[in-house]
Structure formats: structure tokens, C-alpha cells
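Undergrad: sequence and predicted structure, then a few things I'm wondering about:
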Amino acid sequence: MAEPAAPDIQPELLALRQQIDALDRDLLEMLNRRAGLALAVGELKKKEGSVVFRPEREAQVIDGLKSTNPGPLGTDSVAPIWREIMSACRALETPTRVAYLGPAGTFSEEAALGFFGSSIVRVLCASIDEVFAMTAAGAADFGVVPVENSNEGVVARSLDILLTTPLFIIGETSLFVRQNLLRKENALEGIEVVCAHPQALAQCHGWLSNHLPHAERRPAQQCRRRAPGGLESEDGSDRQHACRQRIRPARGRPGDPGRSAQPHPFRDRHRSAPPPVAQSFGP
């Protein structure tokens with residue numbers, strides 16, 4: 001049986017697509033020119049012995065572009081686009097190794113990628129102590145750890161280690177996060193036990209008290225691992241708990257204090273989600 005013929009493309013649409021394709025080629029050429037300049041900067045930094053990643057310089061570049069953005073590209077879109085460009089160019093100079101709490105998919109990873117960009121070498125750690133140890137030993141160039149939570153206050157372990165670590169705080173970023181209540185059935189009835197990481201149970205204390213007051217809350221250190229089959233029920237109507245977090249990356253050698261990175265808010269998509277709360281990350 002013959003395949004149906006593809007619909008005819010309107011001449012106006014075809015012309016616009018051709019213009020976009022031409023601009024994409026121009027953008028790629030200019031990005032490679034920028035990458036070449038970044039490599040030249042990297043060579044100079046090697047001769048001088050200066051650091052590759054300077055968050056205050058990258059923040060200055062992004063702020064300057066946002067202030068001169070004529071549109072129609074949204075100003076909020078400028079930061080993530082240029083952060084990825086600078087991350088890719090920085091990776092050409094030298095791979096940036098970033099340690100944070102694993103496994104893949106944690107809030108620490110989300111914060112690390114938002115601050116450094118995705119062109120990094122990811123060093124996943126099992127604990128906050130390990131993040132500090134890997135960074136201090138030079139196995140990672142930077143470490144990312146939680147420092148504060150809007151519900152539970154400061155993350156004591158991070159602040160305790162900061163008192164004795166040789167590391168330096170070089171930046172901070174904020175983001176909204178959500179805890180998800182996962183179940184095979186899309187209903188709250190009959191739930192007897194809620195298994196979660198102790199921090200997640202503490203963050204969701206109010207929601208659990210209101211919606212599942214009689215359910216046992218069972219702490220489990222390994223609940224950061226992703227559940228097979230995704231994070232939502234089949235119809236996407238999972239219950240969520242929103243939080244706000246901050247992250248403070250640290251480096252293993254002295255560096256100038258960096259400016260705060262832009263927050264990364266995530267909008268509520270489900271009416272069943274409780275009000276947002278805040279949480280922080282730090283070295």
C-alpha cells in the first residue's frame with residue numbers, strides 16, 4: 001500500500017524555514033569562532049596559572065547581555081542559553097569536575113547543572129562528607145552541597161564541615177524542587193507507610209500530616225534513586241511537594257567570591273501540590 005503523500009508546504013513557510021536554517025549555520029560558525037577565542041584565553045590562563053572558571057565574570061557577561069536584549073527573545077531565556085555556551089567553551093579549555101550528592105536525578109545535580117552548565121565531568125557522591133573529601137583531595141574541581149531548607153532550616157552537616165574545610169565558597173544559586181508521592185494506584189486511600197529520605201520526610205511534614213496523618217513515615221537513605229518507569233502516575237496526576245533550594249559550590253583552591261547565580265523557579269503544574277517551601281545547598 002502506497003504511503004500518503006506529504007502535504008505541500010506553503011511557500012511562505014518554506015522561505016521562513018530556509019532563513020532559519022541559514023541563521024543556524026551562521027550561529028554555528030560564530031559559536032565555533034567564540035570557542036576558538038575561549039581556547040586562546042585558556043592558553044593564556046595556563047601560562048599565568050590563573051583559574052579557568054570565574055563565576056563573577058560569567059555572571060557579568062550574562063547580566064550585560066540581559067540588559068541589552070532587544071527581544072523578542074525573553075530576557076529570562078538569555079541566562080540558560082549563554083550558560084550552556086560558556087560551559088561548552090570552558091570544557092574545551094579543561095574538563096570541569098563537579099562533585100555533588102548522587103545518584104543521577106537529585107536536586108544537587110539539578111543545581112550543579114544550572115550553575116556550571118551541562119558540559120562538566122560529573123562526580124557523584126554518596127554523602128555530603130564525600131563531596132567535601134573529593135573536592136579537598138583534588139578528585140573534583142568543585143563541590144556542590146545543600147546548605148539551607150525553608151522548612152527545616154540549615155543543613156547542619158554542611159555547615160559543620162565548613163568550619164574545618166580548606167575549601168572556599170565561590171557562588172550560590174537557588175531553585176524550586178518538588179517531592180513526589182509515588183504509588184501504583186492514583187489514590188491516597190489505603191496508604192499505611194510512606195518511605196522516603198529523612199530530609200524529604202521533614203520537608204513534607206505538613207503535607208503528610210494533613211493528607212496522610214495515620215501513615216507510618218519510614219526513613220530510607222536510598223530513596224533518592226529513581227523509581228523504574230518514571231516519576232509520575234500514568235495520567236500524570238502525582239501529588240507533589242514544592243520546595244525552594246539554594247546551592248553553594250566550593251572549589252578546592254582559593255578563588256574570588258562569585259556572584260549569586262540566577263534562581264531557577266519551577267512552576268506548579270498540579271492543583272494537588274502544597275505551597276512552596278525553601279531549601280538551600282552549600283559546600
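TA: Sure thing, it's come through.
Undergrad: isn't residue 219 up against residue 199?
TA: No. Residue 219 is beyond contact range of residue 199, at 9.3 Å (criterion: C-beta atoms under 8 Å). C-beta: built from backbone N, CA, C; applies to glycine.
Undergrad: neighbour count for the two, which is higher?
TA: Of the pair residue 219 and residue 199, residue 199 is the one with more neighbours under other C-beta atoms under 10 Å, namely 20 against 13.
Undergrad: which SSE is the more buried one in?
TA: Assigned by DSSP states H and E, residue 199 belongs to helix 198-203.
Undergrad: helix or strand right after that helix?
TA: Toward the C-terminus, helix 198-203 is succeeded by helix 205-211 as the next helix or strand (DSSP H and E).
Undergrad: what about the helices in the chain?
TA: Assigned by DSSP state H, the helices in the chain fall at 11-48, 55-67, 75-93, 107-116, 128-136, 156-162, 198-203, 205-211.
Undergrad: list the helices and strands the second one packs on?
TA: Just to be clear, that refers to helix 55-67. Counting by 3 or more C-beta pairs under 8 Å, 6 or more residues apart in numbering; DSSP states H and E, the packing neighbours recorded for helix 55-67 are helix 75-93.
Undergrad: now do the helix it packs on against helix 107-116, angle only.
TA: Computed with axes from the mean of the first three to the mean of the last three C-alpha atoms, to 10 degrees, the direction of helix 75-93 lies at 90 degrees from that of helix 107-116.
Undergrad: which residues are contacting helix 75-93?
TA: For helix 75-93, contacts defined as C-beta atoms under 8 Å, 6 or more residues apart in numbering pick out 31, 34-35, 38-39, 41-42, 45, 52-53, 58, 61-62, 65-66, 69, 96, 114, 116-120, 262.
Undergrad: list the buried ones in that helix?
TA: Residues 78-79, 82-83, 85-91, 93 are the ones in helix 75-93 that count as buried (16 or more other C-beta atoms under 10 Å).
Undergrad: any idea what residue 149 is bridged to?
TA: Beta bridges link residue 149 to residue 153, residue 279 when assigned by DSSP bridges.
Undergrad: okay, how far is it across stretch 135-149, tip to tip?
TA: Stretch 135-149 has its terminal residues 23 Å apart, counting by C-alpha to C-alpha, to the nearest Å.
Undergrad: average pLDDT across it?
TA: Across stretch 135-149, the average pLDDT comes to 90.
Undergrad: what does stretch 81-98 give?
TA: The average of the pLDDT scores along stretch 81-98 is 89.
Undergrad: ok, now stretch 10-17?
TA: For stretch 10-17, mean pLDDT is 90.
Undergrad: just stretch 189-198 next, same as before
TA: Mean predicted confidence for stretch 189-198 is 88.
Undergrad: pull the CA atoms of it into CSV?
TA: C-alpha atoms of stretch 189-198 as CSV (Å, rounded to 0.1, in the frame of the first residue of the first chain):
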residue,chain,number,x,y,z
GLU,A,189,-6.8,5.7,50.3
GLY,A,190,-5.2,2.7,52.0
ILE,A,191,-1.6,4.1,52.3
GLU,A,192,-0.1,2.7,55.5
VAL,A,193,3.6,3.5,55.1
VAL,A,194,5.4,6.4,53.3
CYS,A,195,9.1,5.5,52.6
ALA,A,196,11.4,8.5,51.9
HIS,A,197,14.7,10.1,52.6
PRO,A,198,14.7,11.7,56.1
